[in-house]
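Asks: Pasted the sequence and its predicted model underneath.
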Amino acid sequence: MNEPVKEVALSEEDFIRSHLDESNSAMKKYAQLVVGDGSYWRLFKHELITLLFGWVPGALGLALRKVFYPLLFKDIGRGVVFGRNLTLRNTARMSVGNGVVFDDDAFIDARGAEPGAFVIEEGVLVGRGALLQSKIGSFRVGARTSVGGHSTLIAQGGIDIGCDVSIGGGCKISGGLFRINDQGDEKVFDRYSKGPVKIEDRCVLGMGCIVIDNVHIGGRSLIGSGVTVGSDIKADSIVGPRPPLVMKNPKAGSE
């Protein structure tokens, strides 16, 4: 018998907005957003390195970023490839393995993870324009996993993706739920989570899949393009989309 799911409230104090003190200057707020602790020195180093080398095209840009971008991290492996125009935030909280590839225009932000709890293991490929962010909770992408271009992975309660997983372009994986809290004349949205999103080893997610809060997808499962996964999937499953609904044009004559 399954144990009842225990909900965890996501307090507004856990989100970055609550840490951007209104009494601080705009520059101090920006430093808190980008490097996490408001340090002007760390912000200066971050801005200088990304300004000088982030835009440089071709092999020269890759070579320069390979030398200088690791200086932004506390825990980073060998042979990491940094594409053009990356957005990297709170890198001191990240752990990046050997041979990881960040394609152009990717956005990587560990703001809501504890130091070392935002983990991208060896051989991971993050596609062009993909967004990987922890708003609240730990974040792990297992070894040799591929995250397709323009996919969005946001942890609000945690994300744990296994090894050798293939995530198609445009997928959206995000925890966290909302409900209305009726407070007198005002209706306020409360945020909460029933648990982390977990995708086990060797799964394949087709283009445009959506995976929501507290979903557990068992290993070696295949999720078809465009499927919304709102409940657990057992290992070795194949999940296809519903047949499309074809609407007849009411003005068209019958055949």
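Replies: Now that the structure is in, tell me what you want to look at.
Asks: What residues does residue 84 make contact with?
Replies: Neighbouring residues of residue 84 by C-beta atoms under 8 Å, 6 or more residues apart in numbering: 54, 55, 56, 57, 61, 104, 105. For every residue, glycine as well, the C-beta is placed using N, CA and C.
Asks: Could you do residue 166 as well?
Replies: Residues near residue 166 by C-beta under 8 Å, 6+ apart: 145, 146, 148, 203, 204, 205.
Asks: repeat that with 7 Å
Replies: 146, 204, 205 (C-beta atoms under 7 Å, 6 or more residues apart in numbering).
Asks: Same question for residue 117.
Replies: Contacts of residue 117 by C-beta under 7 Å, 6+ apart are residue 138.
Asks: returning to that earlier point: as TSV, the contacts of residue 166 with distance to residue 93, neighbour count and secondary structure would be great.
Replies: Listed next are the contacts of residue 166 as TSV, based on distance: C-beta to C-beta, whole Å; neighbours: other C-beta atoms under 10 Å; DSSP: H, G, I helix; E, B strand; the rest coil:
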residue	distance to residue 93	neighbour count	secondary structure
146	23	18	strand
204	29	17	strand
205	26	28	strand
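Asks: Would you mind giving these as a markdown table with distance to residue 87 and pLDDT added?
Replies: Formatted as a markdown table, these follow (distance: C-beta to C-beta, whole Å; pLDDT from 0 to 100):
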| residue | distance to residue 87 | pLDDT |
| --- | --- | --- |
| 146 | 20 | 98 |
| 204 | 28 | 97 |
| 205 | 24 | 97 |
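Asks: Just name the closest of the residues you listed to residue 109, please.
Replies: residue 146 (19.8 Å; C-beta to C-beta).
Asks: Distance of that closest one relative to residue 107?
Replies: Applying C-beta to C-beta, to the nearest Å, the value for residue 146 to residue 107 is 17 Å.
Asks: And for residue 141?
Replies: In terms of C-beta to C-beta, residue 141 sits 14 Å off from residue 107.
Asks: next one: residue 93
Replies: 15 Å.
Asks: neighbour-wise, which of those two wins?
Replies: Counted by other C-beta atoms under 10 Å, residue 93 and residue 107 do not tie: residue 93 has more neighbours, with 23 against 17.
Asks: With adjacent residues omitted, what lies nearest to that one?
Replies: Among residues not flanking residue 93 along the chain, residue 110 sits closest, at 4.0 Å (C-beta to C-beta, 6 or more residues apart in numbering).
Asks: I'd guessed that neighbour sits against residue 92; true?
Replies: No: contact criterion C-beta atoms under 7 Å: residue 110 and residue 92 do not qualify, at 8.2 Å.
Asks: tell me the contacts of the residue nearest to residue 93?
Replies: 90, 93, 94, 118, 134, 139.
Asks: Hmm, the last one is touching residue 156, no?
Replies: In this case it means residue 139. No: Residue 139 lies out of contact with residue 156 (C-beta under 7 Å); the separation is 10.5 Å.
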